[in-house]
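Chemist: below: sequence and its predicted model.
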Amino acid sequence: PAIEVTIEWRRPYALVGLIGGRWTLVVLAELHAGGLRYQDLHDALDGISHKVLTDTLRRAESDGLIRRHLDSGRMGTATLYELTDLGRSLDEPLAALGRWVDANWELVETAQRDWVRRIRS
């Protein structure tokens with residue numbers, strides 16, 4: 001029989017869908033200190049293509065994590081990207097994940113090395 005996925009088990013999948021893009025967390029982290037223009041954000045993210053940054057920003061905006069608006073402090077049509085209150089509400093959950101990584105990363109690396117040894121033998 002098929003296993004029914006409960007709501008509790010769907011939540012992690014929803015979270016991964018929300019922040020699981022390769023660059024999403026990095027973009028959110030860059031915006032944590034304050035709003036940035038597109039080019040400044042691109043320059044801060046070494047290695048990201050313009051297409052991937054645009055797609056990542058659009059997805060985060062559609063999910064309500066960031067907003068974009070005209071930068072009133074600049075001439076012309078400079079767009080500023082910044083975290084929304086919803087985006088900022090990820091601070092503590094992501095900090096908790098960071099603490100987990102700090103506390104457990106050596107165990108993860110040990111497990112990875114053990115796995116590589118097992119598959120090679």
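Modeler: Received it, and whenever you're ready, just let me know what you need.

Chemist: give me the residue at the spatial middle of the chain.
Modeler: residue 25 (1.9 Å; Cα atoms, centre = their mean).

Chemist: so that one makes contact with residue 19?
Modeler: Yes. The pair residue 25 and residue 19 passes the contact test of Cβ atoms under 8 Å, sitting 5.7 Å apart. (Glycine included, C-beta is placed from N, CA and C.)

Chemist: now the helix or strand the residue nearest to the centre of the chain falls within, how far from the chain's geometric center?
Modeler: Assigned by DSSP states H and E, residue 25 belongs to helix 24-31. Distance of helix 24-31 from its chain centroid, counting by Cα atoms, centre = their mean, to the nearest Å, is 6 Å.

Chemist: any residues touching it, and which ones?
Modeler: 18-19, 36, 41, 44-45, 48, 53, 56-57, 59-60, 65-66, 81-83, 87, 90, 94 (Cβ atoms under 8 Å, 6 or more residues apart in numbering).

Chemist: with stretch 13-20 instead?
Modeler: So stretch 13-20 is contacted by 24, 25, 28, 63, 65, 90, 94 (Cβ under 8 Å, 6+ apart).

Chemist: what do you get if the cut-off is 6 Å, keeping everything else the same?
Modeler: Stretch 13-20 is contacted from outside by 25, 63, using Cβ atoms under 6 Å, 6 or more residues apart in numbering.

Chemist: just the buried positions in it, please.
Modeler: residue 19 (16 or more other Cβ atoms under 10 Å).

Chemist: which non-adjacent residue is nearest residue 65?
Modeler: Nearest residue to residue 65, sequence neighbours excluded (Cβ to Cβ, 6 or more residues apart in numbering): residue 87, at 3.8 Å.

Chemist: so what touches the helix or strand that contains the one you found?
Modeler: Residue 87 belongs to helix 85-88 when assigned by DSSP H and E. Contacts with helix 85-88, where a contact means Cβ under 6 Å, 6+ apart, come from 64, 65, 66.

Chemist: let me have these in CSV, adding secondary structure and pLDDT as columns.
Modeler: Below are the contacts of helix 85-88 laid out as CSV (DSSP: H, G, I helix; E, B strand; the rest coil; pLDDT from 0 to 100):
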residue, secondary structure, pLDDT
64, coil, 95
65, coil, 96
66, strand, 97
